[in-house]
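S.K.: Below is the sequence, then the predicted model.
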Number of protein chains: 2
Amino acid sequence: MLHGINETLKRNQLSITDSRKKILELFVRASGALAHADIENQSGTEFDRVTIYRTLQTFVEKGIIHTIPTADNSVRYALCKDACTEGHHHDDHVHFMCDDCGKTYCLDHVTVPAVALPKGFQATQTDVIVSGKCMNCA
Amino acid sequence: MLHGINETLKRNQLSITDSRKKILELFVRASGALAHADIENQSGTEFDRVTIYRTLQTFVEKGIIHTIPTADNSVRYALCKDACTEGHHHDDHVHFMCDDCGKTYCLDHVTVPAVALPKGFQATQTDVIVSGKCMNCA
DNA sequence: TAAGTTAATGCAACAATGTTGCAAAATATT
DNA sequence: AATATTTTGCAACATTGTTGCATTAACTTA
């Protein structure tokens, strides 16, 4: 499972570097979504701030991770479910943000409901952000 | 209709000031959502940057406007539909972001579908962000 | 409406976040 | 192993958001 990290990087035509391995590992281990600051904290002073920014950017472009829309102006990233198995990505997502502990969950198994749009609107992607209490805080 | 601005401020126990009137007017006139930068541009150098921040913050607290979750790290605000008629707010929202023109629509009339959450999760609010092409760009 | 009271504004300084160019270092290629 | 390519770290900068405090404006009461 852990050597899947190297393969994920290779599959996406990315050079295998310490920072990319470490950051991708953080995502694999994380139960929820990560903000830039989380990564900066968890990786210590090991990598430059700029490197983290660029790594996240690269991962998003390659579809390894995706951003999660939040109302509070904090950018969060989560592993794309299929990242380690397929290159397919940017599917619809349901995310859950806990008001208590602040954790963000990517609910891969929850189906995104269809939304009835007004005439003339065409949807290409639907994100659902549910907030409330998570299973640990309820 | 325009003097409704003053009444909205009064109803929310806010002093009627130039900045609040102007900024609220911008929202009333705006067809879509506004970012902090939009407001700064459209109001020129009339108000201090800090004042705009604080005004937006106040409006959010009072439920006059609400933030819209976005995946691209830009905070946007939109008028709460009932802001000028009732004090009730913070309902579920469906927002539409156009990939072409970048406009954000607050689809007040679209019902937020129910989401089936995993066991133990309790929802208090649900936001839906649909992206694609709007009625003008489709 | 004039005096006093309360609240909002502007300024300055700061903190956090994100970006860009470029030389040095690491990775990949032959 | 030598060369070519990519990534990193540093420095400097740009943007965005926050806080404290004196000044100013708005509200209240008489």
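M.R.: Here it is on my side, so go on.
S.K.: three-state assignment of the residue at the greatest distance from the centre of chain A?
M.R.: Residue farthest from the centre of chain A, counting by C-alpha atoms, centre = their mean, is A:K119 at 32.1 Å. Using DSSP: H, G, I helix; E, B strand; the rest coil, the structure places A:K119 in coil.
S.K.: Assumed A:T126 was part of a strand.
M.R.: Yes. Counting by three-state DSSP, A:T126 is part of a strand.
S.K.: Which residues of chain A lie near DNA strand D?
M.R.: Contact residues (C-beta under 7 Å from any atom of the strand) of chain A with DNA strand D: A:14-15, A:17-20, A:46-48, A:50-51, A:54-55, A:58, A:73. No exception for glycine: its C-beta is placed from N, CA and C like everyone else's.
S.K.: Now restrict those residues to buried residues only.
M.R.: By neighbour count, with 16 or more other C-beta atoms under 10 Å in any protein chain shown, the residues of chain A next to DNA strand D hold A:14, A:19-20, A:47, A:51, A:55, A:58 as buried.
S.K.: List just the nearest of these to A:D99.
M.R.: A:T55 (29.7 Å; C-beta to C-beta).
S.K.: these two touch, right, the closest one and A:K22?
M.R.: No. Contact between A:T55 and A:K22 fails when scored by C-beta atoms under 8 Å: they sit 9.1 Å apart.
S.K.: Touching, A:C101 and A:N136? I think so.
M.R.: Yes. Using C-beta under 8 Å, A:C101 makes contact with A:N136 at a distance of 6.6 Å.
S.K.: quick one on the thing from earlier: which residues are common contacts for A:T55 and A:K22?
M.R.: Here A:T55 and A:K22 have A:F47 as joint contacts, going by C-beta atoms under 8 Å, 6 or more residues apart in numbering or on different chains.
S.K.: Widest-spaced pair of the buried ones among the residues of chain A next to DNA strand D?
M.R.: Distance extremes for those: the farthest pair is A:L14 and A:F47 at 15.4 Å, using C-beta to C-beta.
S.K.: quick revisit: can you name the residues that contact the residue farthest from the centre of chain A?
M.R.: So A:K119 contacts B:M135 (C-beta under 8 Å, 6+ apart).
S.K.: What average pLDDT does stretch A:62-75 get?
M.R.: Here stretch A:62-75 scores 85 as its mean pLDDT.
S.K.: which residues in chain A form strands?
M.R.: Taking DSSP state E as the test, the strands found in chain A are A:34-35, A:65-68, A:76-79, A:93-98, A:104-106, A:122-133.
S.K.: Just checking: what are the partner strands of the last one?
M.R.: Taking DSSP bridges as the criterion, strand A:122-133 pairs within the sheet with strand A:93-98 (parallel), strand B:122-133 (antiparallel).
S.K.: most tightly surrounded among these?
M.R.: strand A:93-98 (a mean of 24; mean count of other C-beta atoms under 10 Å in any protein chain shown).
S.K.: ok, residues contacting that one?
M.R.: For strand A:93-98, the external contacting residues (C-beta under 8 Å, 6+ apart) are A:33, A:66, A:68-70, A:78, A:103-108, A:110-112, A:127-134, A:136-137, B:115, B:117, B:121, B:123.
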